[in-house]
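Peer 1: Got a sequence here, can you build the structure:
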Amino acid sequence: MNDYFCPKCNAPIKISNHIILKAIPKSSNTLGSMVLFEPILGDFRVTTHKTCTMKDGMHIEFYCPICNANLSAEDEYLTHINMTDSDGDNYEIWFSEITGEHATYKIKAGKIADKYGEHSSKYTNHWGSFPTY
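Peer 2: Model prediction:
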């Protein structure tokens with residue numbers, strides 16, 4: 001089973017069977033909400049509190065629930081966390097900050113080891129690869 005960590009403070013962010021992050025809409029002054037992600041790469045189900053209103057197309061910034069660090073990556077629309085798989089290999093996991101956009105990347109040594117989701121070709125130039133259309 002994969003384990004997930006904050007790239008800033010290295011705190012574990014997977015509890016029980018969910019990755020837990022704080023989410024704040026970028027164009028809003030709201031306090032945000034806690035968001036639960038499925039820990040299986042390519043599973044794009046997200047659980048939020050019933051009062052959380054994140055509509056498709058919203059730009060959301062994600063934060064570590066422990067150290068409160070902004071997890072936005074260098075690309076304006078990607079965020080990242082760290083993962084250790086069941087073999088002990090370490091990866092960076094990058095994913096889209098746009099709700100409804102399914103794009104997740106498993107990165108090893110600065111290169112895409114695997115990508116997931118129907119929108120995953122959108123950001124591949126970030127790692128020097130060309131999208132395949």
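
Peer 1: buried sites along the helix or strand bottoming out on mean pLDDT in the chain?
Peer 2: When the helices and strands of the chain are scored by mean pLDDT, DSSP states H and E, strand 46-48 comes last with a mean of 91. Of the residues in strand 46-48, residue 46 count as buried by neighbour count, 16 or more other Cβ atoms under 10 Å. (Each C-beta comes from the backbone N, C-alpha and C, glycine too.)

Peer 1: nearest spatial neighbour of the spatially most central residue of the chain, skipping sequence neighbours?
Peer 2: Geometric centre of the chain, nearest residue: residue 95, 4.0 Å, by Cα atoms, centre = their mean. Sequence neighbours aside, residue 104 is the residue nearest to residue 95 in space, at 4.3 Å (criterion: Cβ to Cβ, 6 or more residues apart in numbering).

Peer 1: Tell me the bridge partners for that neighbour.
Peer 2: residue 95, residue 116 (DSSP bridges).

Peer 1: so it touches residue 118, yeah?
Peer 2: No: under the criterion of Cβ atoms under 8 Å, residue 104 is not in contact with residue 118, lying 10.9 Å apart.
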